[in-house]
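1. Just need the structure, nothing else, for what follows:
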Amino acid sequence: MPVRNTNPAGSSSALRSDVLRALGVVKIATADQIQRLTAPHLTYRHTTKPTARARKAARTSAYNAALTDLRRHGLVETGGWTRTGDALRTLTPRGLAAAAYELGRPAEEMGGTARAAAAAGGTHPLAVTETILALLRPAPNLDLVANEPEAARHAAQAAAHASPGLGSLSGYATEVPLPATGTWARPGRGGAQADLVLTAPEDDLPLLFVEVDNCHETAERLAAKIDRYARFFRRRVRDTDGQEQELWSTRWSGFSGLRRRSAYPPVLIVFNRVGARNPDLTVQRLSALTRPHWEGEDGYGGGPHAYDGKIPLVATTLELLRAHGPAGEVFHRFGRTAPQRLLDAIALRPS
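-> Numbers count the residues shown, from 1 in each chain. Alright, predicted model coming up:
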């Protein structure tokens, strides 16, 4: 009885923990997105409900209960609404601290609450969350849909056996400051803010920066952000032994192999076709504008190109990423002619 009084919506502690972890990563999400991130098997339940709205309400009901209880505790709030009427959930400052604990991250690495973005409708943060879903590709537990109708079981099996995603939810971080001046906690001018950072060493991906564009930005504005990435990557600091090292490597420790490769970490640009700009034309122009940042130099004696101080730049669309995942040959590396798998596209040598 005391537990029910504390959490009147009846949510479990495990489910509330899942919600905090998800919102700690993505900052803004609908209940539907949180469910797809943390319990993908529920997507294949309640399929006999008569309408899509009824099916979504049924599979997200437990998450809405958890969000209600977390709101009662002052950890979550409704920051706005999507154009289709879904509530945008965000963390309060107290909720951000609770999410840091659940994720095992330092509080100073959590970023902000994204209240302003939610109030504006959150179209860009929601696209970032969809990009995480497309990269992560959460697979349903087939044992949990064993009693569902045949069509639902077959759909779940197709999802479970599709090409895998990259990493785990805890390996993703959003709205990450990349200070060219100042500190991590108080960035100065000239740096960037990454839409998404992924670390998945278990999948041979030590570090990946991701930018998501809703096809509203010009190639010139995107190129200016790549310039800021380059300034951040070049920034050097002294470690405790007095040795100079690049600032980025002090935060993403354990990936010293990247420096032996000589190139900077890769940046993936994901275009979400909601705006008026043609991503194919944007990529053509962006490739030309950023050539000094990505083009390798001729190797000695006609050997392989050298990529010291270069940024591997790769582009795709959210539509292609959803359909094929990271293992699909849908990633265009600037300077190469054919699309590749993501891990091949960011490799220094064409496969």
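2. Break down the stretch 1-150 of the chain into its strands, ranges please.
-> For the stretch 1-150 of the chain, the strands defined by DSSP state E, counting those that start in this stretch occupy 28-29, 76-81, 87-91.
3. Compare those and give me the one nearest Val145.
-> Val145 sits nearest to strand 28-29 of all the strands of the stretch 1-150 of the chain, at 23.0 Å, using C-beta to C-beta. Every C-beta, even on glycine, is put in place using the N, C-alpha and C of the backbone.
4. Give me the distance from that closest one to the chain's centre.
-> Its chain's C-alpha centre and that of strand 28-29 lie 12 Å apart, by C-alpha atoms, centre = their mean, to the nearest Å.
5. and it, average pLDDT?
-> On average, the pLDDT along strand 28-29 is 94.
6. quick one on the thing from earlier: deepest of the strands of the stretch 1-150 of the chain, which one?
-> Mean neighbour count (mean count of other C-beta atoms under 10 Å) peaks for strand 28-29 among the strands of the stretch 1-150 of the chain, with a mean of 28.
7. what's the single longest helix in the chain?
-> In the chain, assigned by DSSP state H, the helix with the most residues is helix 219-234.
8. Using CSV, lay out the strands of the stretch 1-150 of the chain together with distance to Glu109.
-> Shown next, in CSV, are those (distance: least, C-beta to C-beta, whole Å):
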stretch, distance to Glu109
strand 28-29, 18
strand 76-81, 20
strand 87-91, 14
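9. Show me the domain layout of this protein.
-> Listed by automatic domain parsing, the domain ranges of the chain are 2-122+139-160, 169-345.
10. what's the closest of those domains to Ile132?
-> If you check each of the domains of the chain against Ile132 by C-beta to C-beta, domain 169-345 wins as the nearest, at 5.4 Å.
11. how long is that closest one from one end to the other?
-> Domain 169-345 has an end-to-end distance of 23 Å (C-alpha to C-alpha, to the nearest Å).
12. pLDDT averaged over stretch 38-47 - what is it?
-> The pLDDT scores in stretch 38-47 average 96.
13. where does it sit relative to the chain's centre, distance-wise?
-> Relative to its parent chain, stretch 38-47 has a centroid offset of 22 Å by C-alpha atoms, centre = their mean.
14. follow-up on the earlier one: tell me which of the strands of the stretch 1-150 of the chain sits nearest to Ala52.
-> Ranking those by their distance to Ala52 (criterion: C-beta to C-beta) puts strand 87-91 first, at 17.2 Å.
15. Kindly calculate the angle that the closest one makes with strand 76-81.
-> 140 degrees (axes from the mean of the first three to the mean of the last three C-alpha atoms, to 10 degrees).
16. Asp298: neighbour count?
-> Neighbourhood size, Asp298 [other C-beta atoms under 10 Å]: 10.
17. got a pLDDT number for it?
-> For Asp298, pLDDT reads 71.
18. Next: the one 10 residues further on.
-> According to the per-residue confidence, Asp308 scores 86 in pLDDT.
19. you'd agree it is up against Tyr264?
-> No - Asp308 lies out of contact with Tyr264 (C-beta atoms under 8 Å); the separation is 9.4 Å.
20. Compare these two (neighbour count), which wins?
-> Using other C-beta under 10 Å as the criterion, Asp308 and Tyr264 rank with Tyr264 on top: 25 against 10.
21. Which neighbours do Asp308 and Tyr264 have in common?
-> Common contacts of Asp308 and Tyr264 (C-beta atoms under 8 Å, 6 or more residues apart in numbering): none found.
22. got the phi/psi numbers for Gln193?
-> Recorded main-chain torsions at Gln193 are phi -130, psi 120, according to degrees, to the nearest 10.
23. how many other residues sit next to it?
-> 16.
24. just checking, it touches Pro179?
-> No - judged on C-beta under 8 Å, Gln193 makes no contact with Pro179 at a distance of 9.5 Å.
25. which residues are in contact with the helix or strand just after the longest helix of the chain?
-> Following helix 219-234 in sequence order, the next helix or strand is strand 236-238 (DSSP states H and E). Contacts to strand 236-238, defined as C-beta under 8 Å, 6+ apart, come from residues 244-247, 250.
26. In these, which residue is surrounded by the most others?
-> Leu247 (18 neighbours).
27. need the contact list for it.
-> With contact set as C-beta under 8 Å, 6+ apart, Leu247 has these partners: 179, 232, 235-237.
28. which stretches of the stretch 1-150 of the chain have low pLDDT?
-> For the stretch 1-150 of the chain, applying pLDDT under 70 flags the ranges 1-5.
29. So for Gln193 and Pro179, which residues contact both of them?
-> The contact sets of Gln193 and Pro179 overlap at Pro187 (C-beta under 8 Å, 6+ apart).
30. ok, Val270 - how many residues close by?
-> 27.
31. Hmm, Thr131 and it touching each other?
-> Yes - between Val270 and Thr131 there is a contact under C-beta under 8 Å: 5.2 Å.
32. shared neighbours, those two?
-> Residues touching both Val270 and Thr131 by C-beta under 8 Å, 6+ apart: 210, 212, 318, 321.
33. For Leu268, pull up the helix or strand it's in.
-> Assigned by DSSP H and E, Leu268 falls within strand 267-271.
34. so after that strand, what's the next helix or strand?
-> For strand 267-271, the following helix or strand on the C-terminal side (DSSP H and E) is helix 279-289.
35. Report the backbone C-alpha coordinates of that next one in PDB.
-> Taking C-alpha atoms only, helix 279-289 is exported to PDB below (Å, rounded to 0.1, in the frame of the first residue of the first chain):
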ATOM      1  CA  PRO A 279      19.900  16.300 -49.400                       C
ATOM      2  CA  ASP A 280      21.700  15.100 -52.500                       C
ATOM      3  CA  LEU A 281      22.400  18.600 -53.600                       C
ATOM      4  CA  THR A 282      23.400  19.600 -50.100                       C
ATOM      5  CA  VAL A 283      25.900  16.800 -49.900                       C
ATOM      6  CA  GLN A 284      27.500  17.800 -53.200                       C
ATOM      7  CA  ARG A 285      27.900  21.300 -52.100                       C
ATOM      8  CA  LEU A 286      29.000  20.300 -48.500                       C
ATOM      9  CA  SER A 287      31.600  17.900 -49.900                       C
ATOM     10  CA  ALA A 288      33.200  20.800 -51.900                       C
ATOM     11  CA  LEU A 289      33.100  23.200 -49.000                       C
END
